[in-house]
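Undergrad: Dropping the sequence and predicted coords here.
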Amino acid sequence: MLVYIESKDFQINTFVLKCGTGETLARVKAKILHVLYGMARDDHQFRLRYKGQFLRDAYTLEDYKIIDKSIVKMIPMAKKGESLKSIRASKEANLGSTGQLSEVKLALFEEVATLRWREKMLADFKGLLFIGTLFTLFSFFTIFWYAIAWILVTTIYAIWKCPTYTHKCGFVGASSLWPRRFMLLMGILAILNVGASIALAVISLNDITSFECGSKEAAFDCDQRKVKTIYSVIFFALHILYLLMVSMTNWILFRNFKFQIGDILEELMVISRDVEKVIQAAKSGRIKEQRNAAFELATLATTGDDSKFRIVAEGGLDVLILLCLSTDESIQEYATEAVAELLTIPAIQDQFVEMGGVSTLSTLLHSTNKRIIQEAVTAISYIVSDSEDNKHSVVADRGLEDLSHAAFNSSILTQRYIAGIYLELVFNADIRSQIASLNSPTKALLHLCSNKDNETMRLALQTLELVAIESSDVILNQENLVFDLLNIPTNTLDASIYLLAGKILLYVAEDTVSCGKMLNTDSLKDTLMQFAKTDDPILQKVVAKVILCTLDDRDLAIKAQDMKLQDVLVYIRNNSNDRDAWNMADQGITLFNNNDFRKYQPMPPPSDSFGSTLSLRKPRPSGYPGSTFSLNKDAKMMGSQSTMLEKVRMGSRLSLRSGNQSNVGSRASLQSN
């Protein structure tokens, strides 16, 4: 298949590569390095990105679902001013070291030398084949003139089908797609011709040794026949030597054709990295060496758990923590990626936390580079999801505020991870109490609720619900709470998200001040109607309860009537298949039609139906018409804190890592979403 490599750093903006689906990204990069070598830009440092995801050397094109004619972007590792320095220019510049590592460059030079030898050898081989035309011509004058038949066929096939090779263009010609097949057939033909020539040479030689002139044969004719016989022996002897040269060259090239671009570079970039040497380079004060080392460590960490433990055993964690705080953004990015990859192993997480690495990740959350923020958040997500003890390290030293800051300045994928981190943290009672006492985490969660990603909204709403159980005041004091909740239907059609938003609206409806703000929102009726039209009986009961709560206060009830919220109840009564939802809607419609809000002060259904802590403080009057109605078990969505925590916890860790389990089982696939 063809893969287009797009780069803005060269006059030729797009390179076209012929690749196989099973080829690793290391081999693809090797092919690019060969192209850059031809442009004298082999010192250019780059990474490959596809659909916003940086590609790892150890994975294949199939792993990343890269298909025919896909466009892969080439992203320079260095700053723009340094990215186009050629190998020759870099020798004159005082930059401390060249772009590519010396091992990579040596491997590249070795491959180039092998391919150039092939180019020269194949050109010589093709010239050797043209000599066959002379043997074809002179074979006609031997005593076995009919030998011209197979010699001519072999010569024509060899000249016609022999491919040509250049380092820049590869194989061209009739057999360019199957060069080894041509060499195999040519080798077989050469061996057959050798056998025939040996046989004819032996026969000719035997004729000379036993040569006699006939009694009636003229002396001239006898001498002519003898000369022709000697000529045949010499011809076939030379032809045998020629065919042996052709055959030997043929089988040498047949073996050489097995070598493909990237055979040496792929092994170097994926398998045989010297961890100790890379870490030593990372400790140097040279920017380019540190950049290379950080990139190498990030790539090496993706090759397997053994490589991760080798990095840690050689002191790689200390070095990576220092590189994360480098002044160079490229070094920060690669070092953070390496850390995130290493933290997929719980044992390394504990060691990282003990070394104070969490504070480094929190610092990176204030970076202006969204890639760095994403990798730092990913690393934190592993820490909070795999260890209950390490959660306190994340929230220490203003960790919650740092996460809140990142929630407003990150990509959609990163925001999903942040929402998942908050949900994991809120399961801890102490941390939940801490979150409920701060304004910034709740504000960040509300911002995440306005995200158009369904998973992000679901995680954020679940967290807000748990915080509301701990302390509803911190939720109700948010200025944009009502607007964000009522605006959710514009971002999603997911009924489960509507249900989460509706349960939080219950807290708003049960507070007189907040309920007044809600009734001043023009979109309230449309949102509640959209909730009711999902035909989810639990959500319909939530909507009915929200509307009944507006009738607790006379002024609020008048506003509700002016907004015609009874239309929502009419829809529920006419379309609901749930008895409790129908009864609640019918009760509300009756109250609206009575127009006497002083006589009846309706109260919401029992508090254990939805887990509202505020409703527990309101006694139910015996004269309230809805006092006989209670919700069944399906309506008891929350019940208590313990029940709520248990239900949400069942899906939280999977939600946090949704999409993380990729083709090769590595953290790199986190970005595939």
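TA: Okay, I see it.

Undergrad: so where is this structure shaky, pLDDT-wise?
TA: For the chain, residues meeting the criterion pLDDT under 70 lie at 78-102, 211-212, 214-220, 270-274, 285, 595-673.

Undergrad: In this protein, spot the strand with the most residues.
TA: Longest strand in the chain, counting residues (DSSP state E): strand 70-76.

Undergrad: That one - contacts with which helices or strands?
TA: Secondary-structure packing of strand 70-76 (3 or more Cβ pairs under 8 Å, 6 or more residues apart in numbering; DSSP states H and E): strand 2-6, strand 46-50. Backbone N, C-alpha and C define where each C-beta goes, glycine included.

Undergrad: Can you tell me what sits against the last one?
TA: The one in question is strand 46-50. By Cβ atoms under 8 Å, 6 or more residues apart in numbering, the residues outside strand 46-50 that reach it are 5, 7, 25, 28-29, 32, 54-55, 64, 66, 70, 72-77, 83, 295.

Undergrad: Stretch 222-242 now?
TA: Contacts of stretch 222-242 (Cβ under 8 Å, 6+ apart): 131-132, 135, 138-139, 141-144, 151, 193-194, 197-198, 200-201, 204-205, 207-208, 211, 213-214, 217.

Undergrad: Give the buried subset of these as a ChimeraX selection command.
TA: To isolate the buried members of the contacts of stretch 222-242 in ChimeraX, using 16 or more other Cβ atoms under 10 Å:
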select :132,135,139,142,143,144,151,193,194,197,200,201,204,205,207
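
Undergrad: show me where the stretch 51-200 of the chain has helices.
TA: 80-83, 87-92, 102-130, 132-138, 148-161, 179-209 (DSSP state H, counting those that start in this stretch).

Undergrad: Go through the longest strand of the chain and flag the buried ones.
TA: Quick answer for strand 70-76 (16+ other Cβ under 10 Å): 70, 72, 73, 74, 75, 76.

Undergrad: which stretches of this protein form strands?
TA: According to DSSP E, the strands that the chain contains are 2-6, 14-18, 46-50, 53-54, 70-76, 164-166, 170-172.

Undergrad: residues in contact with residue 74?
TA: Here residue 74 is in contact with 5, 6, 7, 9, 15, 32, 46, 47, 48 (Cβ under 8 Å, 6+ apart).

Undergrad: Return a selection command, for use in ChimeraX, containing the buried ones of those residues.
TA: Of these, the buried ones can be selected in ChimeraX as follows, counting by 16+ other Cβ under 10 Å:
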select :5,7,15,32,46,47,48
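
Undergrad: from the contacts of residue 74, which two are the most distant?
TA: Across those, no pair lies farther apart than 15 and 47, at 14.8 Å, counting by Cβ to Cβ.

Undergrad: now the helices of the stretch 51-200 of the chain in CSV, with distance to residue 410?
TA: CSV is the format used below for the helices of the stretch 51-200 of the chain (distance: least, Cβ to Cβ, whole Å):
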stretch, distance to residue 410
helix 80-83, 24
helix 87-92, 35
helix 102-130, 33
helix 132-138, 69
helix 148-161, 59
helix 179-209, 51
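
Undergrad: Tell me which of those sits nearest to residue 592.
TA: Closest to residue 592 of the helices of the stretch 51-200 of the chain, according to Cβ to Cβ: helix 80-83, at 66.5 Å.

Undergrad: what about residue 105, neighbour count?
TA: For residue 105, the count of nearby residues is 17 (other Cβ atoms under 10 Å).

Undergrad: Right, I'll call it a day here.
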